[in-house]
Structure formats: structure tokens, C-alpha cells
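In: Got a predicted structure here, sequence first:
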Amino acid sequence: MTYCVGLMLNEGMVLLSDTRTNAGLDNISVYRKMFTFEDPGERVIVIMTAGSLSVSQTTIARLREAIEDPDATPDSSIMLAPTMLKVADIVGGMLAVVRGEIDEKLSAMQGATASMIVAGQRRGGAMRMFLIYPEGNYIEATEDAPFLQIGEHKYGKPILDRVVKPSTSLVDGQKAVLLSMDSTLRSNLSVGMPLDMCVIERDACRVTQKRRIEAGDEAFRAMSEAWSTALRDGFSRIVV
């Protein structure tokens, strides 16, 4: 399983994913789940994936193939699409096609599914972020719902519900997604490090910060311990 989260804030977007794909006692695999497509200054698209590795990897591979196709058109390539809405349409369509093909091959077994978060901006357009379901349909982040999650989202959702607003700064947004991930790591063994985080500042049309957080990262450990201490102190002060 996995956990990915994206925030759409007034200042820009913050995205974070883990890399664990198998949480068996003796079979833990690491695969990147955050994929970046950039023409710096013109367009940036980040895709995060959760679910079946075969579905998500095949979908990403075909999206890359479509970008490199010399006959690519705005209807086939996410790097030529005129809007982020069209990008979501292309990604959703490809995901649905790949899922259908793999489901057919695995018809004797439980179907394979995957979901994705697609975020980005093109020059002259607005920042947009979409959660794409296995069937290819999608929902969009809004001012009322400025974050999207896929995978094991329930453990990390409470802090986001309490602190994230469109006016949240990018610095506080990074803190929020990291603490959301920390809560998930503590409660679910199917989510694991290392973590991939990126920040896209509004109108930059490129990834402005990128960070990989390895197991044992001192800054992440210190943040986790400070959060645990704050929760314990808060708990002890509550009177019932």
C-alpha cells in the first residue's frame, strides 16, 4: 500500500509520497511513486500513484511514451495539453485503459486498481490538482477542500482537517504533510520510508523544491519527536 498527499495553497502546492509497495514480514520493496514532468517556466506536472504497481507503472510508462511520440498531439500528450483539465482527462483515460487491460488478464483473480493525484500548472493558467480514480473519473481540490489523499489516508487526515487552509504558507504546508505522514508511518506498516516531497510555487511552472527523506533523517526524526511531545503535553492538560 502507500500514502500520498497533495496540498493546493494560495502560495503554491506541496506534495509528499512514501515509497513502500509491499509490507510482508520478509518482502518489503521500494519504488518511487512521485513522477515529475517539466518544461521549466512553461509547464510542470507531478503525478503520484497508489495501488497496483503494474497498473501505475504501465500508465506512467505509456504517458511518457506519448510525450516522446513524434506524432504527439494536445489530445495525447500531457506536455502539449492546453489546460490542466485536459491533462487530467489524458491521465484518467490512460489509467482506465490500462486498468481494463490488466483486469482482463487477471480476470481469474481480484481486479488490479490504482489511483493517482495529478497536480501542476502551465504558463498563463491556474494551479490545479486532481484525484483520479481507477475508473478514470476525477475530483478537483478546491478552496473548501484544499488537500487530496490516496492510499492509506485515514491516519494522516485529522491533522490536515484541523490545520490546512488555502492561506496556509508553503513552509507550514510542508510541516503539515510531514506530520500527516508521520502519523501514518506510526499506525500502518504498509507505508514506509524513504519519502519524496516536492514544492511548486505559484506561477513558477517548475518544481521549486525537491527533497528525499531517508530512514534516519535527523530533521524528520526531530519533528516526529516534537510532535509526539506536543500531543502528550496537550493530552495531559485536558480535564474530563
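Out: Thanks, I have the structure now.

In: rest of the way, CA atoms for contacts and neighbours
Out: Noted.

In: quick one, phi psi at the nearest residue to residue 207 once chain neighbours are set aside?
Out: Leaving aside its sequence neighbours, residue 207 sits nearest to residue 200 (Cα to Cα, 6 or more residues apart in numbering; 4.8 Å). Here is the backbone geometry of residue 200 (degrees, to the nearest 10): phi -120, psi 110.

In: Tell me who's in contact with the nearest residue to residue 152 once chain neighbours are set aside.
Out: Nearest non-adjacent residue to residue 152, counting by Cα to Cα, 6+ apart: residue 3, 5.1 Å away. By Cα atoms under 8 Å, 6 or more residues apart in numbering, residue 3 lies in contact with 17-18, 50, 149-153, 181, 184, 191.

In: Which residues does residue 3 form beta bridges with?
Out: residue 151 (DSSP bridges).

In: Quick one, grab the pLDDT at it.
Out: Note for residue 3: predicted pLDDT of 95.

In: Let me know the distance separating it from residue 41.
Out: Distance check for residue 3 against residue 41: by Cα to Cα, to the nearest Å, it reads 29 Å.

In: for residue 58, same thing?
Out: Per Cα to Cα, residue 58 is found 28 Å from residue 41.

In: How about residue 33?
Out: Using Cα to Cα, residue 33 is found at 24 Å from residue 41.

In: any idea which element the closest residue to residue 45 other than its chain neighbours lies in?
Out: The shortest distance from residue 45 to any non-neighbouring residue, by Cα to Cα, 6+ apart, is to residue 120 (4.3 Å). Using DSSP states H and E, residue 120 falls within strand 114-122.

In: Alpha carbons of that strand, as PDB, please.
Out: The C-alpha atoms that make up strand 114-122 are tabulated as PDB, following Å, rounded to 0.1, in the frame of the first residue of the first chain:
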ATOM      1  CA  ALA A 114      -4.700   2.200  -8.900                       C
ATOM      2  CA  SER A 115      -5.500   5.900  -8.200                       C
ATOM      3  CA  MET A 116      -3.500   9.000  -8.800                       C
ATOM      4  CA  ILE A 117      -3.000  12.600  -7.800                       C
ATOM      5  CA  VAL A 118      -2.200  14.900 -10.700                       C
ATOM      6  CA  ALA A 119      -1.000  18.400  -9.900                       C
ATOM      7  CA  GLY A 120       0.500  21.200 -11.900                       C
ATOM      8  CA  GLN A 121       0.300  24.500 -13.700                       C
ATOM      9  CA  ARG A 122       1.000  25.800 -17.300                       C
END
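
In: then whatever helix or strand comes next after it to CSV, C-alphas only?
Out: Downstream of strand 114-122, the first helix or strand assigned by DSSP H and E is strand 128-132. Only the C-alpha atoms of strand 128-132 are listed here, as CSV (Å, rounded to 0.1, in the frame of the first residue of the first chain):
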residue,chain,number,x,y,z
ARG,A,128,-4.9,22.7,-10.4
MET,A,129,-4.9,19.4,-8.6
PHE,A,130,-7.0,16.3,-9.3
LEU,A,131,-7.6,12.9,-7.7
ILE,A,132,-8.1,10.4,-10.4
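
In: Buried ones in the helix or strand just after strand 128-132, by neighbour count?
Out: Once the chain leaves strand 128-132, the next helix or strand it forms, by DSSP H and E, is strand 138-140. Across strand 138-140, burial judged by 16 or more other Cα atoms under 10 Å covers 138, 140.

In: and strand 138-140, what other elements does it pack with?
Out: Judged by 3 or more Cα pairs under 8 Å, 6 or more residues apart in numbering; DSSP states H and E, the packing partners of strand 138-140 are strand 128-132.
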